[in-house]
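>>> Show me the folded form of this:
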Amino acid sequence: MSEWFEQPAQAASEQHRQHASARQQQLTKPPGSLGVLEGCAIQLAALQRREQPRVERVDIVIFAADHGVADEGVSAFPQVVTGEMVKNFSSGGAAITVLARELAANFQVVNVGTVSALPELPQVLDRRLAAGTQNFNREPAMSAELCAQALAAGRDIVEPITQTDLFIGGEMGIANTTTAAAIACALLKVAPQDMVGRGTGVDDDGVALKARVIAHALQLHAAALTSPLAILQILGGFEIAALSGAYIRCAQRGIAVLVDGFICTAAALVALQLNPSIRPWLLFSHCSAERGHRLLIDHLDVRPLLNLDLRLGEGSGAAVAVPLLRMACALHNRMASFESAGVSTV
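Just a heads-up that it's a prediction; the model follows:
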């Protein structure tokens, strides 16, 4: 497991960061007037080690898996929906597939653990580890071996990706907002009632049930929740572990990551606690309507690009934010300087 703690092969380029910052001061606008867009361009220039940062080539990977905790009735949808949505991704009818086409992004789905085996489907890779996780309200969600395999599944998907400018990970899994909330509660020592939200659309009683289930699990496993890896194994999901592995491997390979909403941010939190050195490579796309996401964002001390009350998942919020990054790069690369435009500065 030592590979998860290895630092990125090369750090973000301070030289490119300084050059990009200096260029922003020379463009025909008041300094800082493009706000967060300026910071995005500067960060991408440093991460990509380019004078002209770009977000032309985007890779989107959706990890899908089922969760044993669904047995507790924490979702408004039945567990069969996970597999049905994988088929919807494959046929191009889901929100993220529409967005991926609009972005001309490379797109694939990885089945790391649906309850039922799925037939061979276009753009879907079968990396199914088991028929979902176990119910963490009664026993650990995964064995140590399965947790390691799920992390490795995310790593292995990133390995063949080349010539990309940005990686987006997404997720699909009925009951995974409960899983993500449990992970976040254990890592941040937050009360479940402060972390859980409506997920797929449960009512107030459903939210209260989710909090009780998580509280029971935290008490049941208290003695074993001693490290980020143990928390991931005991409370996590295959797709969340795969996302954590993918985020770490992207950073190690120098690939910028745009993190989606609540579940993906929980996976990023695990990845950062396993390997804090990856932090510069993680950009955060939006703050979702899921209650606990703001707590995670505040803990990580990051500023998401958007706040649109999204709570769909699938990587959809990150995909929606890509045009902003593209505009940030276009402005940085193509605006005239005061000197080239003949505009006075005094």
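
>>> contacts for the helix-or-strand element of the chain with minimal mean pLDDT?
In the chain, the helix or strand scored least confidently by mean pLDDT, DSSP states H and E is helix 338-341, which has a mean of 88. Residues outside helix 338-341 that contact it (C-beta atoms under 8 Å, 6 or more residues apart in numbering): 26-28, 344-345. All C-beta atoms are positioned from the backbone trio N, CA, C, and that covers glycine.

>>> So which of those wins on neighbours?
residue 27 (20 neighbours; other C-beta atoms under 10 Å).

>>> what's the helix or strand for residue 110?
Here residue 110, judged by DSSP states H and E, is contained in strand 106-113.

>>> quick one on the thing from earlier: give the buried residues for the least confident helix or strand of the chain.
When burial is assessed from 16 or more other C-beta atoms under 10 Å, helix 338-341 yields no buried residues.

>>> now the helices: where do they sit in the protein?
With helices called from DSSP state H, the chain shows them at 14-26, 36-48, 80-91, 95-103, 144-158, 176-188, 192-195, 204-220, 228-235, 238-252, 262-274, 291-300, 316-334, 338-341.

>>> quick one, the fifth one and helix 228-235 angle?
Orientation check (axes from the mean of the first three to the mean of the last three C-alpha atoms, to 10 degrees): helix 144-158 against helix 228-235 gives 110 degrees.

>>> how about the CA coordinates for helix 144-158, as CSV?
Output of helix 144-158 as CSV, limited to C-alpha atoms (Å, rounded to 0.1, in the frame of the first residue of the first chain):
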residue,chain,number,x,y,z
ALA,A,144,-8.9,-5.0,3.7
GLU,A,145,-8.2,-6.9,0.5
LEU,A,146,-11.4,-5.6,-1.3
CYS,A,147,-10.6,-2.1,-0.2
ALA,A,148,-7.1,-2.3,-1.7
GLN,A,149,-8.6,-3.7,-4.9
ALA,A,150,-11.1,-0.9,-5.1
LEU,A,151,-8.3,1.7,-4.7
ALA,A,152,-6.3,-0.1,-7.3
ALA,A,153,-9.2,-0.1,-9.7
GLY,A,154,-9.2,3.7,-9.6
ARG,A,155,-5.4,3.8,-10.1
ASP,A,156,-5.5,1.4,-13.0
ILE,A,157,-8.1,3.4,-14.9
VAL,A,158,-5.9,6.5,-14.7
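
>>> Which elements pack onto it?
strand 58-65, strand 106-113, helix 228-235, helix 238-252 (3 or more C-beta pairs under 8 Å, 6 or more residues apart in numbering; DSSP states H and E).

>>> Between helix 144-158 and the longest one, find me the angle.
This points to helix 238-252. 50 degrees.

>>> which residues does the residue lying closest to residue 161 once chain neighbours are set aside contact?
Take residue 161 and drop its neighbours on the chain: the residue closest to it by C-beta to C-beta, 6 or more residues apart in numbering is residue 59, 5.3 Å away. Neighbouring residues of residue 59 by C-beta under 8 Å, 6+ apart: 105-106, 161, 164, 166-168.

>>> related to what we said a few turns ago, ok, of the contacts of helix 338-341, which one's closest to residue 196?
residue 27 (44.9 Å; C-beta to C-beta).

>>> I'd like to know how far the closest one sits from residue 342.
As judged by C-beta to C-beta, to the nearest Å, residue 27 and residue 342 stand 14 Å apart.

>>> got it, and residue 261?
45 Å.

>>> between these two, who's got more neighbours?
residue 261 (30 against 9).

>>> Distance check, the more buried one against residue 227.
On the measure of C-beta to C-beta, residue 261 and residue 227 end up 25 Å apart.

>>> With residue 74 instead?
25 Å.

>>> the more surrounded of those two?
Shown here are residue 74 and residue 227; by other C-beta under 10 Å, residue 74 has more neighbours (28 against 12).

>>> which ones are touching the more buried one?
175, 178, 199, 202, 206, 209-210, 213.

>>> With residue 306 instead?
Contacts of residue 306 by C-beta under 8 Å, 6+ apart are 285-287, 317, 320-321, 324.

>>> State the distance from it to residue 246.
22 Å.

>>> hang on, isn't residue 6 packed against residue 249?
No: using C-beta atoms under 8 Å, residue 6 is not in contact with residue 249; the gap is 9.7 Å.

>>> what stretches of the stretch 201-346 of the chain score poorly on pLDDT?
For the stretch 201-346 of the chain, residues meeting the criterion pLDDT under 70 lie at 346.

>>> Cool, thanks, talk later.
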